[in-house]
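*Asks:* The amino acid sequence is not available; the structure is as follows:
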């Protein structure tokens with residue numbers, strides 16, 4: 001374990017090692033007493049010196065004058081200690097400090113938590129909190145408490161950590177030059193010590209660091225630096241600072257003294273993101289994507305820059321993420337600050353001021369959809385954007401060893417396709433313009449069959465929609481040389497049914513979507529995973545049945561967004577139905593594989609999934625392009641981004657385990 005790793009680990013251990021009753025209340029710090037303590041700073045006995053320093057730290061502002069005089073003492077020991085105490089006193093009187101003002105403006109990555117204790121308390125009012133605290137989970141909670149009781153030291157560690165570090169915690173990396181070794185890294189963290197004796201916490205951390213620190217004063221703050229300059233700590237008032245090295249700690253101290261012009265909160269890109277991050281914050285993360293992309297580009301072959309430009313990644317400067325608890329839901333806000341002319345992809349999805357809001361497309365989405373998304377697409381811009389992207393990808397791959405073998409020549413592929421089918425792709429793209437939508441519908445419970453899938457594309461007008469459907473059918477038939485698409489009359493319309501087996505002879509027989517189809521309705525093209533689901537869609541349209549737009553739970557969920565936040569792309573997920581399905585399938589399997597009878601018995605006491613998840617609110621996502629920034633808001637009954645991250649990591653771990661078992 002490196003020194004820096006030991007310092008971080010010992011920071012946690014130290015909190016547990018400091019007893020809550022370690023420091024008894026001291027006598028009143030009279031001027032006479034303070035003078036006596038100042039003299040004791042030069043005592044020959046080490047313990048006497050440390051006790052005097054501890055008492056003077058407790059005296060606080062009362063000792064300022066005496067310490068100021070002692071800072072000019074002829075005794076080197078007294079002088080150094082007095083300066084250190086004055087430094088701590090200065091920072092102790094700073095008042096409230098926002099760590100976004102402290103961490104460097106040029107930070108490549110920054111994370112901050114406001115108050116973990118308060119966040120956990122607020123979490124009890126959310127659906128997730130109420131769900132965990134529900135009566136039927138009492139046996140599980142009792143089991144957890146029993147396990148905790150078997151590890152008293154671990155429980156004590158957790159309790160002391162949450163009681164002594166209840167304020168802000170933040171960290172950042174602002175310089176990353178691996179070629180220079182440890183000195184090429186500038187990174188650090190800062191945390192509020194809410195314990196009554198911050199100095200005792202700090203000293204205990206130093207003692208448990210298990211290393212010889214080289215101590216020095218910087219702006220009256222003692223910096224303890226590890227061997228070889230690896231790892232450093234400092235205490236400024238009640239702010240514990242941990243850095244990759246002494247320079248990292250000095251940078252944070254400088255900003256703590258004079259934060260206004262230097263802190264991350266004054267970054268121009270962060271200032272652009274800030275208005276869209278919301279007024280409340282329990283946790284925040286910011287990534288300087290422009291800086292990362294610039295560093296990464298230096299290691300990539302020619303063509304990488306063109307690919308990043310065509311994909312729109314070159315426009316990205318800052319990604320800021322803010323999470324806050326709002327009522328019974330968690331609200332995550334992601335803001336992407338963009339610069340420069342919009343890429344082709346971004347331009348193709350930008351919603352014109354005179355266009356209907358994508359929200360209106362939910363009227364065409366089935367009311368029983370469990371997941372749906374709406375947006376906007378201008379095909380005349382999307383087609384060229386795709387060509388530019390694949391051309392840039394090919395250019396980049398040609399500059400790699402054995403280049404070009406895995407990147408198709410998109411111009412050649414398109415030319416061959418158009419010659420074979422007689423269909424001009426540019427004509428197809430040019431016809432598409434307007435709102436788009438996608439959705440999934442579950443079968444009636446307790447069905448566990450694959451969901452019905454659907455989509456809607458909007459064309460310039462009804463004639464363009466008919467022409468597009470005709471060209472799609474022609475392309476599929478001529479492209480395969482088979483009758484891959486058949487026309488079937490249904491009431492007043494023509495359904496185009498697709499035989500995927502004709503397109504791909506190796507299609508698995510159990511594939512659930514072997515016969516997708518599409519149909520024209522005015523200037524819209526509807527697509528579905530089967531003719532049965534498409535017919536249901538058409539029947540709803542003809543009957544003017546209300547779609548998802550007027551569904552009570554959807555309407556309630558949308559009410560949590562401001563009017564301007566409802567104008568962009570919207571995504572929706574009926575978590576109640578999805579988790580009910582998952583519970584009906586997963587709980588019996590879990591019971592069958594239960595590790596012991598006690599757990600199996602507990603599972604048998606749970607209500608049915610329909611009852612268990614009946615009050616779960618849906619997930620709503622809103623994404624808006626504001627020109628210089630893209631804003632995304634996710635409201636869900638659980639923390640969306642951390643949960644998604646955990647799911648991705650979990651899937652990756654499972655995949656790795658499967659691969660390892662396969663090798664074995």
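*Replies:* Looks like it arrived, so ask away. From a predicted model like this one, the values you see are computed outputs, not experimental measurements. Numbers count the residues shown, from 1 in each chain.
*Asks:* Pass me the low-pLDDT residue ranges in this structure, would you?
*Replies:* Residue ranges of the chain with pLDDT under 70: 1-27, 90-95, 161-162, 178-183, 209-211, 259-261, 293-314, 399-407, 446-447, 640-664.
*Asks:* Show me it divided up by domain.
*Replies:* 31-92, 115-165, 267-341+633-664, 343-572 (automatic domain parsing).
*Asks:* quick one: which of those is nearest residue 615?
*Replies:* domain 115-165 (6.6 Å; CB to CB). Where you see a C-beta, it was placed from the backbone N, CA and C, and this is true even at glycine.
*Asks:* got the end-to-end distance for the closest one?
*Replies:* 9 Å (CA to CA, to the nearest Å).
*Asks:* Measure how far it is from the centre of its chain, please.
*Replies:* Distance, stretch centre to chain centre, for domain 115-165: 23 Å (CA atoms, centre = their mean, to the nearest Å).
*Asks:* Same question for stretch 227-242.
*Replies:* Using CA atoms, centre = their mean, the offset of stretch 227-242 from its chain centre is 28 Å.
*Asks:* List the buried residues of it.
*Replies:* 229-242 (16 or more other CB atoms under 10 Å).
*Asks:* do the same with stretch 345-359
*Replies:* 345, 346, 347, 348, 349, 351, 355, 357, 358, 359.
*Asks:* I'd guessed residue 254 sits against residue 263; true?
*Replies:* No - applying CB atoms under 8 Å, one finds residue 254 not in contact with residue 263, separated by 10.4 Å.
*Asks:* Please say which of those two ends up with more neighbours.
*Replies:* residue 263 (22 against 15; other CB atoms under 10 Å).
*Asks:* Now do that one against residue 483, distance only.
*Replies:* Counting by CB to CB, to the nearest Å, the gap from residue 263 to residue 483 is 67 Å.
*Asks:* okay but residue 71 is in contact with residue 83, surely?
*Replies:* Yes - counting by CB under 8 Å, residue 71 does reach residue 83; the two are 5.0 Å apart.
*Asks:* Run a quick neighbour tally on the closest residue to residue 583 other than its chain neighbours.
*Replies:* Leaving aside its sequence neighbours, residue 583 sits nearest to residue 609 (CB to CB, 6 or more residues apart in numbering; 3.0 Å). Using other CB under 10 Å, residue 609 has 20 neighbouring residues.
*Asks:* do the same with residue 112
*Replies:* 23.
*Asks:* ok, now which ones touch residue 499?
*Replies:* By CB atoms under 8 Å, 6 or more residues apart in numbering, residue 499 lies in contact with 482, 483, 484, 485, 486, 514, 515.
*Asks:* Next, the fifth one: phi, psi?
*Replies:* With angles defined as degrees, to the nearest 10, residue 486 sits at phi -120, psi 140.
*Asks:* so what's it bridging to?
*Replies:* Beta bridges link residue 486 to residue 497, judged by DSSP bridges.
*Asks:* What is the nearest of the contacts of residue 499 to residue 380?
*Replies:* residue 485 (25.0 Å).
*Asks:* Give me the neighbour count for the closest residue in space to that closest one that isn't next to it in sequence.
*Replies:* Spatial nearest neighbour of residue 485, excluding adjacent residues (CB to CB, 6+ apart): residue 473 at 4.2 Å. Using other CB under 10 Å, the number of residues around residue 473 comes to 20.
*Asks:* and the helix or strand hosting residue 473, how far out from the chain's middle?
*Replies:* Using DSSP states H and E, residue 473 sits within helix 462-480. On the basis of CA atoms, centre = their mean, helix 462-480 sits 41 Å off its chain's mean C-alpha point.
*Asks:* ok, for residue 452, nearest residue in space, not its chain neighbours?
*Replies:* Residue 452 sits nearest to residue 533 (CB to CB, 6+ apart), 3.8 Å away.
*Asks:* so that neighbour sits right up against residue 454, yeah?
*Replies:* Yes - with contact defined as CB under 8 Å, residue 533 counts as touching residue 454 (6.5 Å).
*Asks:* quick one, which of the two is more surrounded?
*Replies:* residue 454 (25 against 18).
*Asks:* residue contacts, residue 540?
*Replies:* 366, 547.
*Asks:* how much space is there between it and residue 529?
*Replies:* Residue 540 is 16 Å from residue 529, by CB to CB.
*Asks:* what do you get for residue 380?
*Replies:* Using CB to CB, we find residue 380 at a distance of 28 Å from residue 529.
*Asks:* what about those two, which has more around it?
*Replies:* residue 529 (21 against 15).
*Asks:* and residue 174, what element?
*Replies:* Per DSSP H and E: strand 169-176 holds residue 174.
*Asks:* helices and strands around that strand, which ones?
*Replies:* In terms of contacts (3 or more CB pairs under 8 Å, 6 or more residues apart in numbering; DSSP states H and E), strand 169-176 is packed against strand 109-113, strand 185-192.
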